[in-house]
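Q: okay, here's the prediction I keep looking at, along with the sequence it came from:
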Amino acid sequence: MTRRRRWTFGLLSMSAAVSTLLLVQQVPASAVASVQSAKPDPQAALVPLYQHAAAERDLPWTLLAGIDRYAELTKSKADRAEHPWYGLAFQPAAWAGMDNPNWDDVNPTTIALFHGLGVDANGDGLAVQWDPADRIAVLANWLDEQSGEDDDSTAVWDLFQDATAMDRVYSFAAIFERYGIPPDKHCFPLAKRYNYTIKHSFGAGRSYGGPRIHEGVDIFAGYGTPVLACSYGYVELLGWNRFGGWRVGIRDVNNVYYYYAHLSSFAKGLHQGQLVEPGQVIGYVGSSGYGPPGTSGKFPPHLHFGMYKDTGRSEWAFSPSAQLLQWQRLPQHIVYPDKAH
């Protein structure tokens, strides 16, 4: 495989507590249990393979991990059934070689003869995608060959050919670089030493701007109550929205988007693309929104907190009530703006 030869292959397709006074909707115990029984992150076991493959080719291991994470999160059901291993999947023709009469070939010698991508990275005599050592080595080889002396972003673009995917891959890589895998700690989104009241009103009707449903939970608190990042992630969006007022959107490495709205202000220095951690102050409770920039006071101060799941093909809101009830029981370590990275 030379640096001038470029493979074209298909990538399989890819959101001390003072008081909690009001719970207007009962949250099923099964929903809370499902949050508490989260499975260990399967990607954690792959870190040594990423590190080994990356070190041999002078690549950042976190880039391999970011690509794998995004590919895994955006697989369709059909893709997952056909290729159940974790992460990115190469088309059989690319793995075995376009001219290879057997696209299911696992012999590294004949695969090399037909200029396929597949390699035997762990010396077991087979070159198979479901072996993570082989697959990750091939991904690293391909990135190295396609990048050459240039930036690796061109190679990543060739994989996904989507600007959103590029943003997610590099943002996931940055999170892994700073916080490792898996970054799975969480935090209640308000400082619990302040008075607050939760109203579980997900799905309720709203009329401002036309008929719609409430895509979150309202947490009522006094003006200026610190609003906290509830997960490791990055600031994907911040600014004004006529419905949400001053709002912040944070995305984590599970492709879950956290929406914080109606703020009175943002934390000092907060900016788009910034990495955040659980407990980090990102803003302060207010009553902004329902009008042009600066509109405030049309409703009592509160935090609108929403969560959205993105599959790469569609994004939808889901009720955050179960997560909030679990996170209420966790201790808080608050990171104020002057202490943040």
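A: Everything's here; your move. Numbers count the residues shown, from 1 in each chain.

Q: quick check: which element contains residue 235?
A: Using DSSP states H and E, residue 235 sits within strand 233-241.

Q: now do residue 282
A: For residue 282, the element it lies in under DSSP H and E is strand 281-285.

Q: state the three-state secondary structure for residue 145.
A: helix (DSSP: H, G, I helix; E, B strand; the rest coil).

Q: what of residue 100?
A: Following three-state DSSP, we place residue 100 in the coil state.

Q: could you report the neighbour count for the residue nearest to it when sequence neighbours are not counted?
A: Leaving aside its chain neighbours, residue 100 sits nearest to residue 114 (3.9 Å; criterion: C-beta to C-beta, 6 or more residues apart in numbering). For every residue, glycine as well, the C-beta is placed using N, CA and C. Per other C-beta atoms under 10 Å, the neighbour tally for residue 114 reads 17.

Q: next one: residue 184
A: Residue 184: 16 neighbours (other C-beta under 10 Å).

Q: cool, residue 307 as well?
A: A count of nearby residues for residue 307, using other C-beta under 10 Å, gives 23.

Q: how much space between the residue nearest to residue 294 when sequence neighbours are not counted and residue 265?
A: Among residues not flanking residue 294 along the chain, residue 288 sits closest, at 7.7 Å (C-beta to C-beta, 6+ apart). Per C-beta to C-beta, to the nearest Å, residue 288 is found 9 Å from residue 265.

Q: same question for residue 74.
A: Residue 74 is 35 Å from residue 265, by C-beta to C-beta.

Q: between the two, which one's more packed in?
A: residue 74 (22 against 14).

Q: got the phi/psi numbers for the nearest residue to residue 296 once chain neighbours are set aside?
A: Of all residues not flanking residue 296 in the chain, residue 288 sits nearest, at 4.6 Å (C-beta to C-beta, 6+ apart). Note on residue 288: backbone dihedrals following degrees, to the nearest 10 are phi -80, psi 150.

Q: pull the contacting residues for residue 288.
A: 245, 246, 262, 263, 264, 294, 295, 296 (C-beta atoms under 8 Å, 6 or more residues apart in numbering).

Q: please report phi then psi for the residue nearest to residue 100.
A: Here residue 114 shows phi and psi, under degrees, to the nearest 10, equal to phi -100, psi 20.

Q: contacting residues for it?
A: Shown in contact with residue 114 (C-beta under 8 Å, 6+ apart): 96, 97, 98, 99, 100, 105.

Q: try it again with 6 Å
A: 97, 99, 100 (C-beta atoms under 6 Å, 6 or more residues apart in numbering).

Q: of these, which is the most crowded?
A: Counting neighbours by other C-beta under 10 Å, residue 97 leads those with 22 neighbours.
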